[in-house]
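Asks: Okay, sequence plus prediction incoming.
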Amino acid sequence: MTNTLLIAAPRSGSGKTTVTLGLLTALARRGVRVCAAKSGPDYIDPAFHAAATGRPGMNLESWAMPPELVAYLAGRQSEESDLMVVEGSMGLFDGVYGTPRRTGAGADIAAALGAPVVLVMDVSGQSQSAAAIVRGFASHDPDVRLGGVILNRVASERHRTQAAEAIAQVGIPVLGSVPREASIILPERHLGLVQASEQADLEARLNQLADLMERTVDLDAVLAAAAPMQSSHAAPDALLPPPGQRVALAHDAAFTFVYGHLLEGWRRAGAEVVPFSPLADEAPPADCDACWLPGGYPELHATALAAAGRFQAGLRAFAETRPVFGECGGYMVLGQGLEDADGTRHAMAGLLGHSTSFAKRRLNLGYRQARLLADCALGRAGDEVRGHEFHYASVTDQGDDPALVNLRDGRGVALGAGGSRRGRVAGTFFHAIARLG
């Protein structure tokens with residue numbers, strides 16, 4: 001049976017990712033068969049987890065996924081592993097109010113899997129007061145158990161002693177204390193960390209983090225804090241169906257944001273995923289019967305995408321007879337034009353009527369529940385799908401295509417119509433995670 005832990009924090013910016021990556025790399029170097037998952041809708045961290053463990057990353061999301069899907073994906077992810085480490089997002093209890101254990105908080109995942117929580121605490125600017133925070137987190141939810149604390153950004157031995165001795169009085173073990181080391185900060189971009197595939201020195205950075213964890217954290221105590229995971233191997237029907245038997249998947253530096261559980265679900269349903277690269281000016285393979293353009297960073301590659309004549313002509317020809325779907329960045333590429341951050345407009349595929357801009361930035365962030373208004377790659381008209389939206393693009397021209405979905409946010413507040421459809425082409429700004437369950 002696989003053991004599990006959840007790495008969490010009282011708030012964002014506490015160092016969860018740094019500690020998680022260091023622990024994963026250090027444990028893998030020890031020979032521990034460790035795998036990882038990310039709590040919440042995040043494309044970037046799972047790729048770092050995969051680099052650290054040598055095993056594919058995965059997302060577990062309590063708002064968008066029904067509990068049986070969380071349990072199933074955890075079981076699939078942890079096969080042939082000794083330990084699964086789940087990295088939380090934001091603060092441990094941060095989510096949306098609503099159905100209990102369907103808030104999107106890391107605490108939901110900890111309770112669902114029976115995963116003890118290792119709380120990463122940024123203790124800069126405090127010492128004994130950290131104990132009061134630990135006491136509150138330890139008692140806040142009876143179904144969520146703290147397995148230990150790792151102090152982060154410790155200024156000195158005196159600082160460490162003051163915080164650790166106070167926390168010991170609460171009865172929660174301190175598993176380690178990490179000093180301030182600016183050299184291990186990973187570079188960031190507007191959607192989070194710069195992607196793992198773009199960091200040429202990633203292996204060296206991960207080993208540096210692992211060295212740091214070995215010096216400052218009791219790895220044996222971390223392993224001892226883990227507990228047997230509660231999971232399932234019964235496949236639920238909340239998985240999104242494959243859009244075709246052979247799915248042409250845009251995959252390169254401009255199109256990287258596709259969930260691992262989505263592709264695995266398609267493959268297990270019997271579909272074949274065939275990657276192609278728009279940036280290499282490749283068209284969707286002609287022997288495929290559906291095309292999927294995922295999200296990514298099209299704004300950083302808009303010049304190349306606009307110049308990719310074979311890609312654009314091939315995509316248009318494909319759409320004449322077979323379905324094409326784009327989400328977020330892929331949706332932008334299906335439109336008439338994309339304005340980059342400098343205000344330069346680049347012609348896109350023109351299969352849908354909208355135009356988008358990064359020069360007029362506006363943050364769009366949050367959970368989305370979508371009811372489909374027409375048949376498309378996500379399902380049949382009337383189906384409901386849950387996912388999330390996270391981008392800075394603004395729509396400068398909506399065009400006159402019919403909407404694809406009616407949207408509600410994570411609290412159930414109506415947001416109106418969204419997405420577009422024209423013939424066999426459809427797309428949305430939101431990223432689909434699972435069917436409503």
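Replies: Thanks, I have it. Residues are numbered from 1 along each chain as shown.

Asks: what residue ranges in the stretch 151-300 of the chain score low on pLDDT?
Replies: Low-confidence segments of the stretch 151-300 of the chain (pLDDT under 70): 182-200.

Asks: count of neighbours near Arg408?
Replies: Neighbour count for Arg408, taken as other Cβ atoms under 10 Å: 18. (C-beta placed from N, C-alpha, C; glycine too.)

Asks: ok, now Gln230?
Replies: A count of nearby residues for Gln230, using other Cβ under 10 Å, gives 15.

Asks: measure it to Ala36 for me?
Replies: Distance of Gln230 to Ala36, given as Cβ to Cβ, to the nearest Å: 18 Å.

Asks: cool, Leu27 as well?
Replies: Counting by Cβ to Cβ, the gap from Leu27 to Ala36 is 10 Å.

Asks: More neighbours: the two, which one.
Replies: Of the pair Leu27 and Ala36, Ala36 is the one with more neighbours under other Cβ under 10 Å, namely 29 against 23.

Asks: on that earlier part again, what's the overlap in contacts for Leu27 and Ala36?
Replies: Common neighbours of Leu27 and Ala36, using Cβ atoms under 8 Å, 6 or more residues apart in numbering, are Val85.

Asks: Do I have it right that Ala359 meets Ala341?
Replies: Yes - Ala359 lies in contact with Ala341 (Cβ atoms under 8 Å); the separation is 5.9 Å.

Asks: Now do the contacts for Val134.
Replies: Neighbour list for Val134: 119, 121, 146, 149, 167, 170, 172 [criterion: Cβ under 8 Å, 6+ apart].

Asks: mind running it again at 7 Å?
Replies: Contacts for Val134 (Cβ atoms under 7 Å, 6 or more residues apart in numbering) come out as 119, 149, 167, 170, 172.

Asks: Gly95 now?
Replies: Gly95 is in contact with 63, 103-105, 108, counting by Cβ under 7 Å, 6+ apart.

Asks: Now do the same for the nearest residue to Ala359 once chain neighbours are set aside: helix, strand or coil?
Replies: Ranked by Cβ to Cβ, 6 or more residues apart in numbering and with sequence neighbours excluded, the top spatial neighbour of Ala359 is Gly343, at 4.3 Å. Under DSSP: H, G, I helix; E, B strand; the rest coil, Gly343 falls in the coil class.

Asks: okay, now the residue nearest to Asp289 when sequence neighbours are not counted: neighbour count?
Replies: Excluding the flanking residues, the one nearest Asp289 by Cβ to Cβ, 6+ apart is Gly244, at 4.1 Å. Neighbourhood size, Gly244 [other Cβ under 10 Å]: 20.

Asks: and what of Arg322?
Replies: The number of residues near Arg322, taken as other Cβ under 10 Å, comes to 18.

Asks: was I right about it contacting Asp287?
Replies: No - counting by Cβ atoms under 7 Å, Arg322 stays clear of Asp287, with 10.7 Å between them.

Asks: What are the boundaries of the helices in the stretch 151-300 of the chain?
Replies: Here the stretch 151-300 of the chain has its helices, by DSSP state H, counting those that start in this stretch, at 157-168, 202-216, 219-225, 260-268.

Asks: Take these and lay them out in a markdown table including distance to Gly22 and mean neighbour count.
Replies: Listed next are the helices of the stretch 151-300 of the chain as a markdown table, based on distance: least, Cβ to Cβ, whole Å; neighbours: other Cβ atoms under 10 Å:
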| stretch | distance to Gly22 | mean neighbour count |
| --- | --- | --- |
| helix 157-168 | 17 | 17 |
| helix 202-216 | 3 | 18 |
| helix 219-225 | 10 | 16 |
| helix 260-268 | 22 | 19 |
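
Asks: Would you format these as JSON lines with distance to Gln312 included?
Replies: Formatted as JSON lines, the helices of the stretch 151-300 of the chain follow (distance: least, Cβ to Cβ, whole Å):
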{"stretch": "helix 157-168", "distance to Gln312": "57"}
{"stretch": "helix 202-216", "distance to Gln312": "32"}
{"stretch": "helix 219-225", "distance to Gln312": "50"}
{"stretch": "helix 260-268", "distance to Gln312": "25"}
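
Asks: between the ones you listed, which gets nearest to Gln398?
Replies: Closest of these to Gln398 is helix 260-268, at 27.3 Å (criterion: Cβ to Cβ).

Asks: Can you give the contact residues for that closest one?
Replies: Outside helix 260-268, the residues within contact range by Cβ under 7 Å, 6+ apart are 46, 56-59, 73, 239-240, 242, 247, 273.

Asks: Please save the CA atoms from that helix in PDB.
Replies: C-alpha atoms of helix 260-268 as PDB (Å, rounded to 0.1, in the frame of the first residue of the first chain):
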ATOM      1  CA  GLY A 260      -2.400  14.400 -17.500                       C
ATOM      2  CA  HIS A 261      -5.600  12.800 -16.300                       C
ATOM      3  CA  LEU A 262      -7.400  14.000 -19.500                       C
ATOM      4  CA  LEU A 263      -4.900  12.300 -21.800                       C
ATOM      5  CA  GLU A 264      -4.700   9.200 -19.700                       C
ATOM      6  CA  GLY A 265      -8.500   9.000 -19.600                       C
ATOM      7  CA  TRP A 266      -8.600   9.300 -23.400                       C
ATOM      8  CA  ARG A 267      -6.000   6.500 -23.800                       C
ATOM      9  CA  ARG A 268      -7.700   4.200 -21.400                       C
END
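
Asks: For Thr396, see how far away Thr356 is.
Replies: Between Thr356 and Thr396 the computed distance is 7 Å (Cβ to Cβ).

Asks: who's more crowded, the two?
Replies: Comparing Thr356 with Thr396 by other Cβ under 10 Å, the one with more neighbours is Thr356, at 24 against 17.

Asks: show me the residues around the residue of the chain most remote from its centre that make contact.
Replies: In terms of distance from the mean C-alpha position of the chain, Arg158 ranks first, at 37.7 Å (Cα atoms, centre = their mean). Taking Cβ under 7 Å, 6+ apart, we find Arg158 in contact with no residue.

Asks: So it versus Arg29, what's the distance?
Replies: Taking Cβ to Cβ as the measure, Arg158 falls 31 Å from Arg29.

Asks: does the spatially most central residue of the chain sit in a helix or strand, and which one?
Replies: Closest to where the C-alpha atoms of the chain average out (Cα atoms, centre = their mean) is Asp42, at 1.6 Å. Taking DSSP states H and E as the definition, one finds Asp42 inside no helix or strand.

Asks: Okay then, goodbye and thanks.
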